[in-house]
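S.K.: Below is the sequence, then the predicted model.
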Amino acid sequence: MAAPTPSASAPLLSIEHLKVEYHSAAGTVVAIPDLTLSIAPGESYGLVGESGCGKSTLLMAVMRHLGATGRIAGGRILFGGRDIAAAAETDLGDVRGRGISMVYQDPNAALNPTMKIGRQLMEVPMLHAGLDAGAAREEARRVLREVHLPDPDSVMQRYPHQLSGGQKQRVVIAMALLAKPQLLLLDEPTTGLDVTVEAAVLDLVGELRDRFGTALLYITHNLGVVAKVCERVGVMYLGDLVEEAPVRELFARPRHPYTRRLMACVPHLGGDKYTTSFLPIPGQPPGLSRRPPGCGFAPRCEGFVAGRCDRPVPEERAEPNHRIRCIRHREVDSFEGTSQGAVHPGRPGDTTILAAEHLAKVYDLGRPAFSARARKLIANDDLNFSARNGEIIAIVGESGSGKSTFARVLAGLQPASAGRLMVLGDDLSAKSARARTSDQLAQIQMVFQNPDATLNPSHSAGFPIARVLKKFGIVSGAKAIDARIDALFDMVRLPRALKRQRPGRLSGGQKQRVAIARAFAAEPSILVADEPVSALDVSVQAAIVNLLLQIQADRGTTIVFISHDLALVRHLADSVIVMYLGRVMEQGPVGRLFDPPYHPYTEALLSAVPVADPTVTQARIRLEGEIPSPIDVPKGCRFSGRCPRKLGPDCDTVPPPAREAGDGHVIYCHIPVEDLARLAPIVRHEKAGAAVA
Amino acid sequence: MTAPPVPTNNVPTNNVPTPDAAKPEAAKSGARPSAAEIRADAIERPPGLIRRLPTSGVAMVGIGIILFWTILAITAPWLPIDPPNKSDLASFANPGPSAAHWLGVDIKGRDILARIIWGAQRVLTVAPLAALCAYLVGCPLGLLAGYYGGKVDAVVSRAGDVILSFPIIILYVILIATIGPSILNIMLAVVLASGPGVARIVRGLTLEQRHLDYVAAAELRRESAFYIMFVELLPNCRGPLITDFCLRVGYTIITIGILGFLGLGLPPPDPDWGTMVKEGTTMISIRPHMSLFPAIAIVTLVLGFNLVADGLRELSLKD
């Protein structure tokens, strides 16, 4: 292992026995009890853990931005030999600007909406380096070029709302770089971005590290991201660093049960639901005020042993550079991953229950003034597919590709504009929810994307379920309804007591479970799941996916699963539809889509998926620009504008033919299937002896 | 050509039966909390707006003022004060504050303290009731406009805009001068003048909520439009509406005061704070207390409602 050890050179950042507390009227809670870590100059360090594990608190402590209630109660934070924890507030300005910069999670909150990008960027060198306006403008232009924003001059003239999410995050990174920091703190900078945009931002972060030698402290809940950009990884749980090792060592020999579980929650491109299953962590991190005695992870750990795990756990070194805080780490193989978690996915039947034929959804935007032609937004165009009972059919694509529109048409929230949508023998294409019969409505239910909007904050969790049962006449009588709610809560593995709680007191994962219970209360034969897990932590995502697979297997429901995450789709789908700008690019059984031949767009998506395995390399295909507007789309292939394998002008003007690649696998591309089949596979596995056992 | 298999840390599917939801928790007994208990732990969240009200000093001062007036108003019949319309001719010689009349008497020799307390009873009945009526009219209109949008929204919003474009006091004066001063008519005027404002707020809040997924979920179980508007949407508008209600009661008290001052108030001889200020103005250069005390009453009560509104807004911004 050639990874740098912290002792090899004087560390840039050295956190020693840090203790952070929060004070409130209710008392004092310890967010970080005793944390020690160091980062060498130029090193990239990843910090992983679920939400609520104190990662952001650590960053804020390093920045001394703990707010009115937070306090550093002990320990030292040495940055370049200076103790940030003890420094006077007036001395911190220098450290914050020139020494350490931070990239926040939400670029919308980091940029001032009323100021042009140029002015916001210029402020930094004017303030920290004392440059005049002209020199500052030149600097701003330079960093915008460095983060690969095309046409920096026009970007500087724009306001934040005129940029896309990915562009804004680049601007925020550019802003952090302006001060030429020695250490860059990144707080989940790609959460909420599409995989394609995420991949590009991660490329950028890695490139900047290599070029400027900036040290990185990267916070995320996704181990796949860490594998891509970090040299050393620390795993944090309840404010404790439970494991720390160089990235390859950690992925090859994870020793803490928590690390193992986090890894078992990340979808791989390698297997489907029949060969592997996620191993989620039961429950969620307890509140900081309920820190268990001894090991913080004990209540959720398979290997808990009374008398050992409920005492303070000393830190040990498994290897010189592999720190671990688990009393049973030597015997972790004996208990971790042995007992539960396995799901028995169902197999699709052979009755076609859902079929779309030339389905289209067009929004008429009216005719703009001084224009001869009415404008049309083509959200879905010429969708053709069918699904059998018990099949999971996944629809994949970037945001703006029309996936959600299709979900809404299918569920009846909007009528289709043309084509047919056959559900159990009835054509529902023109029928919105009010026009459907109760039976038709109950047959198709939906789980929505945003856990915070899916439940009415004014009603208890059980309330909407009771309404579903009542409205569709599933059961009648208050007692029977109550019993059915209990049964549904059992099904989604929620404690029954939660049915009386308002959603404000539930976590994101719990809300999504309630939403799943609500959808299944109507006893649907088709479930439309519109990115149900994309807003959740990977550990919660794994649990929800397992749950969906189990319920689906038990009930034989057909699921239309909408996602932007190809790895997840690989894990759970039976067949896949890849959509771009309202049109199908490629469709076929899941086993066929992840090896050549594939559509150039699928190829690009595959290249962007974060793979939680540092020994895997992905060929780098990055799409230029953003998904274009669905108004006035090109006549030919929708993807021609961004296609890295574009053949010629025909791609722009002639709609691509449907090319059969066998076994129901269809690719809509001008490139012949034989040529596509000769493409090198995107995901390659390094032949390494030290690979995962 | 196939991709080499990517090794995985995931556990291979085996034949271990999936445990029942309750079983693993039951099996693991001991001192530590089970996974189910952790899950059952509701997340620590701040309680609702109203329950956090005591943490806001501003709001508590406001509530104190309102309570002070409310208690006086409720207990008026049992307080050792004169009937509001009784003239004490003996006190004409010295109408200023005295031991018999703490706040003095007015031009007709009536005890000002008694009239203020009895007046409080009226204003505290009429103002909240009028504001409530404005809400009863404004909420449904705002919900309709926000939920249906399109033509319904255009009609409701434009009609509201027409009313709101009038200077509000002139609107009141025209209305009351036309239909005559009475409690009912004052309430009608307040509803007409305030209703469109309420409707506009509710419409905005409804528009925000309209496209959230829980509304779509309600549509997917065939809830009626009426149900969605009043059971799904309206309760989520309550935060801003409570704040607005407090402000609106304050404004209504001012309005009633102005109407009284203009001679269009609650019909005499029963006490009305605005009318009392007006009656006092004839003597204001030599006996300022006759106008001053009822004016102070108006100011404090309005201030009370505004302070509560401020406190509520501050709390809601803290979230």
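M.R.: It's in. Bear in mind the structure is a predicted one, so any value in this text is a computation, not a measurement. Numbers count the residues shown, from 1 in each chain, chains lettered A, B, ... in the order given.

S.K.: And the residue of chain A closest to chain B?
M.R.: In chain A, the residue that lies nearest chain B is A:Gly270 (3.2 Å; CB to the nearest CB). Every C-beta, even on glycine, is put in place using the N, C-alpha and C of the backbone.

S.K.: per-residue pLDDT, that residue?
M.R.: The model reports A:Gly270 with a pLDDT of 73.

S.K.: what about the helices in the stretch 101-250 of chain A?
M.R.: Applying DSSP state H, counting those that start in this stretch to the stretch 101-250 of chain A gives helices spanning A:107-110, A:117-128, A:133-146, A:152-156, A:165-178, A:195-212, A:223-229, A:247-252.

S.K.: Can I get those helices in CSV including distance to A:His322?
M.R.: Shown next, in CSV, are the helices of the stretch 101-250 of chain A (distance: least, CB to CB, whole Å):
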stretch, distance to A:His322
helix A:107-110, 35
helix A:117-128, 38
helix A:133-146, 35
helix A:152-156, 44
helix A:165-178, 31
helix A:195-212, 23
helix A:223-229, 16
helix A:247-252, 6
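
S.K.: ranking the ones you listed by burial, who's on top?
M.R.: For these, the largest average neighbour count (mean count of other CB atoms under 10 Å in any protein chain shown) is found in helix A:223-229, namely a mean of 25.

S.K.: rewinding a little: against A:Leu262, how distant is the residue of chain A closest to chain B?
M.R.: 18 Å (CB to CB, to the nearest Å).

S.K.: Tell me where chain A is predicted with low confidence.
M.R.: A:1-9, A:97, A:337-342, A:368, A:371-372, A:686-693 (pLDDT under 70).

S.K.: change it to 50
M.R.: Counting by pLDDT under 50, chain A contains low-confidence ranges at A:1-7, A:688-693.

S.K.: Let me see the domain layout of it.
M.R.: A:259-340, A:352-677 (automatic domain parsing).

S.K.: Which of the ones you listed sits closest to A:Leu193?
M.R.: Smallest distance to A:Leu193 across those (CB to CB): 9.2 Å, for domain A:352-677.

S.K.: Pick out the residue of the stretch 51-200 of chain B closest to chain A.
M.R.: Of all residues in the stretch 51-200 of chain B, B:Thr55 sits closest to chain A, at 8.1 Å by CB to the nearest CB.

S.K.: so what's that residue closest to, chain neighbours aside?
M.R.: Nearest non-adjacent residue to B:Thr55, counting by CB to CB, 6 or more residues apart in numbering or on different chains: B:Leu315, 7.4 Å away.

S.K.: Whatever helix or strand the one you found lives in - what's its average pLDDT?
M.R.: Using DSSP states H and E, B:Leu315 sits within helix B:289-318. Per-region confidence: helix B:289-318 scores 88 on mean pLDDT.

S.K.: sorry, back to before: can you lay out the domains of chain A as JSON lines showing mean neighbour count?
M.R.: Formatted as JSON lines, the domains of chain A follow (neighbours: other CB atoms under 10 Å in any protein chain shown):
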{"stretch": "domain A:259-340", "mean neighbour count": "19"}
{"stretch": "domain A:352-677", "mean neighbour count": "20"}
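
S.K.: Can you add distance to B:Val308 and give the ones you listed back as CSV?
M.R.: What follows is the domains of chain A, written out as CSV (distance: least, CB to CB, whole Å):
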stretch, distance to B:Val308
domain A:259-340, 32
domain A:352-677, 22
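
S.K.: To A:Leu111, which of those lies closest?
M.R.: Taking CB to CB, domain A:352-677 is the member of these nearest to A:Leu111, at 17.6 Å.

S.K.: what does the stretch 151-300 of chain B have sitting close to chain A?
M.R.: B:212-214, B:216-223, B:232, B:235-236, B:238 (CB under 8 Å from any CB of the partner chain).

S.K.: was I right about B:Leu259 contacting B:Ile176?
M.R.: Yes: using CB atoms under 8 Å, B:Leu259 is in contact with B:Ile176, at 6.0 Å.

S.K.: Could you check which of the two has the larger neighbour count?
M.R.: For B:Leu259 versus B:Ile176, neighbours defined as other CB atoms under 10 Å in any protein chain shown are more numerous around B:Leu259 (25 against 20).

S.K.: phi, psi of that one?
M.R.: phi -60, psi -40 (degrees, to the nearest 10).

S.K.: which ones are touching it?
M.R.: By CB atoms under 8 Å, 6 or more residues apart in numbering or on different chains, the residues touching B:Leu259 are B:172-173, B:176, B:181, B:186, B:265, B:274.

S.K.: Check A:Val197 too.
M.R.: Applying CB under 8 Å, 6+ apart to A:Val197 gives the contacts A:165-166, A:169, A:190, A:398.

S.K.: which two from those residues end up farthest apart in space?
M.R.: A:Gln169 and A:Glu398 (15.3 Å).

S.K.: list the helices and strands the helix holding B:Leu315 packs on?
M.R.: Judged by 3 or more CB pairs under 8 Å, 6 or more residues apart in numbering or on different chains; DSSP states H and E, helix B:289-318 is in contact with helix B:49-52, helix B:57-75, helix B:112-148, helix B:238-261, helix B:273-281.

S.K.: Show the average pLDDT along the fourth one.
M.R.: Helix B:238-261 shows a mean pLDDT of 90 in the predicted model.

S.K.: Counting neighbours, show which residues of it come out buried.
M.R.: Judged by neighbour count (16 or more other CB atoms under 10 Å in any protein chain shown), helix B:238-261 contains these buried residues: B:239-261.

S.K.: can you pull the pLDDT of B:Ala3?
M.R.: B:Ala3 is given a pLDDT of 42.

S.K.: cool, the one 4 residues further on as well?
M.R.: According to the per-residue confidence, B:Pro7 scores 40 in pLDDT.

S.K.: give me the low-pLDDT residue ranges for the stretch 1-150 of chain B?
M.R.: Scanning the stretch 1-150 of chain B for pLDDT under 50 picks out B:1-45.

S.K.: what's the helix or strand for the spatially closest residue to A:Tyr668 that is not a sequence neighbour?
M.R.: Computed as CB to CB, 6+ apart, the closest residue to A:Tyr668 that is not its neighbour in sequence is A:Pro656, at 4.6 Å. According to DSSP H and E, A:Pro656 maps onto no helix or strand at all.

S.K.: quick one, what contacts A:Pro656?
M.R.: By CB under 8 Å, 6+ apart, the contact set of A:Pro656 is A:636-637, A:668-670.

S.K.: Kindly recompute the last result at 7 Å.
M.R.: Residues near A:Pro656 by CB atoms under 7 Å, 6 or more residues apart in numbering or on different chains: A:637, A:668-670.

S.K.: Likewise for B:Ile169?
M.R.: Listed by CB under 7 Å, 6+ apart, the contact partners of B:Ile169 are B:Ile258.

S.K.: Next, give phi and psi for it.
M.R.: phi -70, psi -40.

S.K.: A:Ala680 too?
M.R.: The phi/psi pair for A:Ala680 (degrees, to the nearest 10) reads phi -70, psi 140.

S.K.: what about it, neighbour count?
M.R.: Residues near A:Ala680, counting by other CB under 10 Å, number 10.

S.K.: A:Ala619 is in contact with that one, correct?
M.R.: Yes: checked against CB atoms under 7 Å, the pair A:Ala680 and A:Ala619 is within contact range at 6.5 Å.

S.K.: what does the stretch 501-650 of chain A put close to chain B?
M.R.: A:501, A:504-507, A:518, A:522, A:550, A:595-596, A:613, A:616 (CB under 7 Å from any CB of the partner chain).

S.K.: Within the helices and strands, which one has A:Gly52?
M.R.: Going by DSSP H and E, A:Gly52 is not in any helix or strand.

S.K.: before we move on, what about the one 10 residues further on?
M.R.: If you go by DSSP H and E, A:Val62 is part of helix A:55-63.
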